[in-house]
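K.L.:
Structure for this input, please:
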Amino acid sequence: MSDASIQTQLNANEGDAGFRDFVALLKPRVMSLVVFTALVGVLVAPTPVHPFIVFTSILFIALGGGASGALNMWWDADIDRLMKRTQSRPIPAGKIAEGEALGFGMALSGISVVMLGLAANFVAAAILAFTIFFYVVIYTMWLKRWTPQNIVIGGAAGAFPPMIGWAVATGGISIESILMFAIVFMWTPPHFWALALFMNDDYSKAKVPMLTVTHGRKSTRKHILVYTLLLAPVALSASFTTIGGPIYFAVSLILNALFIKGAIDLWKRDETTAEADKYLRERKFFKLSLYYLFLHFTALLIQAAVDLSWGAIL
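P.N.:
Numbering: from 1, shown residues only. From the prediction side, this is the model:
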């Protein structure tokens, strides 16, 4: 099928978008991470927050994360059409027009920031606004197509939600919220580079300068190991703050041992692996990285609940 035919088909499909297509535009999988880490930020903070304020704040933080996703898809529509992983997204699939995605994303951005300010406080709203700006402008429009360090610097956008949640509860920033930010920030490169290792053909096709494309797989595995080693002390250091404790320390110690072992195994990977086993370690490490972050933040929640119960008994 020619490019003209493809474009004609896309134009014919535009306007057929349903509710699910607009939900897909918000990147719900990414939004789930935003919601979870932001919620942990609220719940582990030392200041109690009314459940209704927690609910509304998380709702607007989720909308802000979704707005970022919609604007990202609007800008990246050209490369999304080239990559197998993203060809079924609403814009390249012809379900939603680029202009619709832009308007939708801008509207949600404004609504989420203003309403978070009214529901919680304007410190949290300001951090949310900066997060949207950072993800859309700094990462999507600039870093992603310019440098192989795109995911290193751009990863900050995904690290802000727990800081926003903490600000909802406290109205400010502290060492605890900075450490939660740092855990997500340092986790992002090894997580996404593991994905890039077995999705490298997509990035090459779209000419996105991911580290796997510019420096090769061997160098990427080495970078994963280095960042994993740097991540471990950051994650463990949260144990010695007001949000940490013995439960979090034990969980973090085990997770970091497993993560470092996984990174070492990945680093030692033999490039001559049989086709049937190709990228097996990469996929295994990527899956481990998902558990790593989820269980760290779950441990923070459990530690906070235990500390609260123990404090009530005393």
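
K.L.:
list the buried ones in the host helix or strand of L59?
P.N.:
Per DSSP states H and E: L59 is located in helix 51-75. Residues of helix 51-75 classed as buried by neighbour count (16 or more other C-beta atoms under 10 Å): 54, 56-58, 60-75. Where C-beta positions appear, they are placed from N, C-alpha and C, glycine not excepted.

K.L.:
Same question for stretch 229-249.
P.N.:
Buried residues in stretch 229-249 (16+ other C-beta under 10 Å): L231, A232, A235, L236, A238, S239, I243, G244, G245, I247, Y248, F249.

K.L.:
Output that stretch as PDB - backbone C-alpha positions only.
P.N.:
Backbone C-alpha positions of stretch 229-249 (Å, rounded to 0.1, in the frame of the first residue of the first chain) are rendered in PDB as follows:
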ATOM      1  CA  LEU A 229      24.800   0.100  41.200                       C
ATOM      2  CA  LEU A 230      24.100   3.800  41.700                       C
ATOM      3  CA  LEU A 231      20.400   3.200  42.300                       C
ATOM      4  CA  ALA A 232      21.000   0.700  45.200                       C
ATOM      5  CA  PRO A 233      22.400   3.200  47.800                       C
ATOM      6  CA  VAL A 234      19.800   5.800  46.900                       C
ATOM      7  CA  ALA A 235      17.000   3.300  47.500                       C
ATOM      8  CA  LEU A 236      18.500   2.000  50.700                       C
ATOM      9  CA  SER A 237      19.100   5.500  52.000                       C
ATOM     10  CA  ALA A 238      15.400   6.100  52.300                       C
ATOM     11  CA  SER A 239      15.400   3.500  55.200                       C
ATOM     12  CA  PHE A 240      17.100   6.100  57.400                       C
ATOM     13  CA  THR A 241      14.500   8.800  57.000                       C
ATOM     14  CA  THR A 242      11.100   9.300  58.500                       C
ATOM     15  CA  ILE A 243       9.400   7.300  55.700                       C
ATOM     16  CA  GLY A 244      11.800   4.300  56.200                       C
ATOM     17  CA  GLY A 245      12.300   1.600  58.800                       C
ATOM     18  CA  PRO A 246      13.200  -2.000  59.200                       C
ATOM     19  CA  ILE A 247      10.500  -3.400  56.900                       C
ATOM     20  CA  TYR A 248      11.400  -1.000  54.100                       C
ATOM     21  CA  PHE A 249      15.100  -1.700  54.600                       C
END
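
K.L.:
contact partners of it?
P.N.:
By C-beta atoms under 8 Å, 6 or more residues apart in numbering, the residues outside stretch 229-249 that reach it are 44, 46, 175-176, 179-180, 182-183, 186-187, 190, 252-253, 255-256, 259-260, 263, 296, 299-300, 302-304, 306-307.

K.L.:
per-residue pLDDT, G158?
P.N.:
At G158, the model reports a pLDDT of 91.
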